[in-house]
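Student: need the 3D shape of this:
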Amino acid sequence: MSLRVNTFAKILSLIVILLIPIILLYWYSNRTSINVVRHEVEKSMYKDLSFFAAKLDEMVTQFSKYGLLVSEDMNVRTLEFIDTANLYEQTDEKRRVEEKLRLLNVSSNWDTTISVYAPETGTFVSTNPTLEYDAASVTRNFSRSWRYTENQSAFFKNQPRFLRAVTHPFDAELGNAGLIVEISFGATELVKALDSFKAGGKGDPFLVSADAHKIEASDGNDKLQEELLPSLDLKELAKKRYIRVKLSEGEYTVSCALMPSLGLYLIDYVPIHEVTHPITANSFLFYLSILILLFVSIPAAYYLYINVQRPIKELIRGVRKLKKGEYPKLKVFHPNNEFHFLLVSFNEMASQIEQLIQNVYLETIRSRDANLKQLQSQINPHFLYNCFTLIRSLTRLGEKESVMQLALHLSKYYRYTTRTERQTAPLRDELDLVNSYLTIQTMNVQDLQYSIEIPQAMLEQEIPRLIIQPLVENAVVHGIEPLGMGTIRVEGAQDDRYNRITVTDNGVGISEERLAGLLQELSMPLTEDKGCALWNTHQRMYLQYGSEAGLRIVPRPEGGVTAEIYWPNRIDNTLTA
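Tutor: Residues are numbered from 1 along each chain as shown. Predicted coordinates for the structure are as follows:
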């Protein structure tokens with residue numbers, strides 16, 4: 001008992017000693033992971049926000065350049081003197097200016113409007129043909145920098161817009177300007193941009209001006225934004241990459257980027273707890289698992305000692321004697337578990353192993369003899385005689401090239417069929433044999449045609465040797481030769497469950513009585529008075545791959561027969577020689 005308790009205590013102590021460094025290492029790794037994730041999220045957040053702000057600012061700056069380009073354009077400046085021209089020239093000049101403005105405007109996919117007004121001539125041209133000049137509106141909204149205004153014409157349905165005016169010549173007083181160019185775009189374009197940016201992350205971006213005017217995404221959290229803004233110093237925040245702020249719903253990381261052109265601050269905030277939640281959840285599960293493991297390990301250690309250690313020692317003793325060539329009879333324990341079965345089975349195995357070795361040796365001899373007989377049975381003397389007769393006939397006709405081809409394929413055919421060192425071969429080699437056989441037969445049967453279509457993925461599969469050729473030979477001899485013409489197709493297919501190779505001919509076909517008799521013969525043992533080509537094919541597939549493999553014979557309604565061999569498509573069905 002003292003030995004048992006001592007071993008039990010050692011096992012339990014070992015488990016605890018192993019768990020302590022694991023827990024400490026996991027705690028340190030978990031804290032490091034959380035900090036790294038937070039830091040990377042914050043860096044990525046600031047980087048994305050800065051890039052987005054820069055793109056928006058660049059877009060708005062480009063609109064400002066449009067106004068300068070328009071104000072400096074010589075054709076546009078002619079609007080200052082258009083009253084001296086006749087009506088046709090005035091209309092033509094305004095049309096050309098409108099075309100220039102539209103070409104400039106289509107370069108942006110934003111809702112922008114460019115308008116030009118010459119106060120001296122009272123001429124007004126705009127990319128929006130429905131707009132009319134309103135001197136009071138121009139005076140009220142005039143600004144040389146971008147200005148947000150909600151007081152717009154009826155055409156814009158009083159939707160908020162950003163406007164900027166450029167005058168020529170440049171003058172601080174609007175009344176002295178010879179030409180006024182006004183550029184505007186809808187504030188909804190910024191909302192769309194915020195929606196697009198928000199769709200790519202977990203934040204809630206919004207724009208805010210120095211006087212706390214806010215533009216947010218269409219689905220922005222207005223409540224959280226209103227809670228966040230009072231705690232922010234926008235000027236100081238724009239100088240930093242990010243800060244962390246605690247709100248009612250948890251801790252948030254806040255980033256800010258200034259858009260100088262519009263005078264707006266782009267702000268985004270992300271809940272840190274959502275980013276680190278998977279890590280903290282995994283941490284809780286890990287500690288819970290460790291605690292459960294510790295409590296379970298106590299009875300498990302004792303159980304393993306009582307029910308595993310002693311039977312394993314007995315099995316080790318038996319294996320060592322077995323390696324020396326001895327066949328011991330082990331002492332059988334009765335612990336009411338699997339080791340009782342193992343010990344009994346080991347004793348039975350030891351008593352049978354000598355007999356099994358002898359049986360395997362004899363079976364190997366029989367297998368080699370049977371394989372040799374099977375291979376030799378494939379060498380059909382009648383086929384060989386026909387080939388020699390065909391060579392003789394072609395030689396008389398002076399068909400030297402045909403004779404060479406026939407001799408080449410015949411040599412390849414018999415070289416392959418007489419090899420006995422391996423019981424299996426790649427499907428690629430089997431198809432080469434079939435191709436040689438069918439090439440020879442096309443010289444013998446004048447109107448014989450054939451095709452071989454096998455997926456590339458199947459070509460390296462190992463299959464029993466000479467498994468396809470008997471099917472092709474049956475198709476030629478019994479299907480095509482009686483007609484003197486026909487087509488043979490050799491096709492392969494593969495899915496999640498099976499590999500299939502079919503040999504199809506459009507020959508004379510097979511009667512229902514003959515088919516029924518043939519299928520019955522395939523399922524019966526081989527006798528001396530029975531042909532073995534199709535039976536051998538079926539049995540070899542069955543013995544090699546099990547009950548899920550075999551041979552099918554199916555008559556075709558349009559004439560001919562389809563013979564199919566099939567076997568399971570498993571990773572572990574790679575054969576060895």
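
Student: what's stretch 51-61 in contact with?
Tutor: Counting contacts by Cβ atoms under 8 Å, 6 or more residues apart in numbering, the residues outside stretch 51-61 that touch it are 108, 110, 146, 162, 185, 190, 193, 197, 205, 257-262, 266. Bear in mind the C-beta positions are built from the backbone N, C-alpha and C, glycine included.

Student: next one: stretch 40-47
Tutor: Residues from elsewhere that reach stretch 40-47 (Cβ under 8 Å, 6+ apart): 201, 203, 241-242, 253, 255, 257, 268, 270, 272, 275.

Student: how far out from the middle of the chain is it?
Tutor: Using Cα atoms, centre = their mean, to the nearest Å, the distance from the centre of stretch 40-47 to the centre of the chain it belongs to is 28 Å.

Student: what mean pLDDT does that stretch have?
Tutor: Taken as a whole, stretch 40-47 carries a mean pLDDT of 81.

Student: residues of it that come out buried?
Tutor: Neighbour-count burial for stretch 40-47 flags 41-42, 45-46 (criterion: 16 or more other Cβ atoms under 10 Å).

Student: also stretch 94-104?
Tutor: For stretch 94-104, burial by neighbour count (16+ other Cβ under 10 Å) applies to 94, 97, 100-101, 104.

Student: in CSV, list those residues along with distance to residue 422, pLDDT and secondary structure.
Tutor: Supplementary listing: the buried residues of stretch 94-104 in CSV, determined by distance: Cβ to Cβ, whole Å; pLDDT from 0 to 100; DSSP: H, G, I helix; E, B strand; the rest coil:
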residue, distance to residue 422, pLDDT, secondary structure
94, 92, 77, helix
97, 88, 77, helix
100, 83, 78, helix
101, 83, 78, helix
104, 79, 75, helix
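
Student: which one of those is nearest to residue 122?
Tutor: Proximity of the buried residues of stretch 94-104 to residue 122, judged by Cβ to Cβ, is greatest for residue 94, which lies at 12.0 Å.

Student: leaving out the residues flanking it, which one is nearest to that closest one?
Tutor: Closest residue to residue 94 in three dimensions, ignoring its sequence neighbours and counting by Cβ to Cβ, 6 or more residues apart in numbering: residue 125, at 5.5 Å.

Student: is residue 487 in a helix, a strand, or coil?
Tutor: Under the three-state scheme (DSSP: H, G, I helix; E, B strand; the rest coil), residue 487 adopts strand.

Student: quick check: it touching residue 479?
Tutor: No. Counting by Cβ atoms under 8 Å, residue 487 sits too far from residue 479 to count as a contact (10.1 Å).

Student: name the residue in these two with the higher neighbour count.
Tutor: When residue 487 and residue 479 are compared for neighbours, residue 479 comes out ahead with 23 against 16, by other Cβ atoms under 10 Å.

Student: could you measure from the more buried one over to residue 536?
Tutor: Separation of residue 479 from residue 536 (Cβ to Cβ, to the nearest Å) stands at 19 Å.

Student: what does residue 78 give?
Tutor: Here residue 78 is placed at a distance of 100 Å from residue 536 (Cβ to Cβ).

Student: again with residue 193
Tutor: Using Cβ to Cβ, which is the criterion applied here, residue 193 is 75 Å from residue 536.

Student: what of residue 14?
Tutor: Using Cβ to Cβ, residue 14 is found at 60 Å from residue 536.

Student: higher neighbour count, the two?
Tutor: More neighbours surround residue 536 than the other of residue 14 and residue 536, with 20 against 12 (other Cβ under 10 Å).

Student: in what helix or strand does the more buried one lie?
Tutor: With the criterion set as DSSP states H and E, the secondary-structure element containing residue 536 is helix 533-545.

Student: check which element follows that helix along the chain.
Tutor: Reading on from helix 533-545 to the C-terminus, the next helix or strand found by DSSP H and E is strand 550-555.

Student: so what strands line up beside that next one?
Tutor: strand 561-568 (antiparallel) (DSSP bridges).
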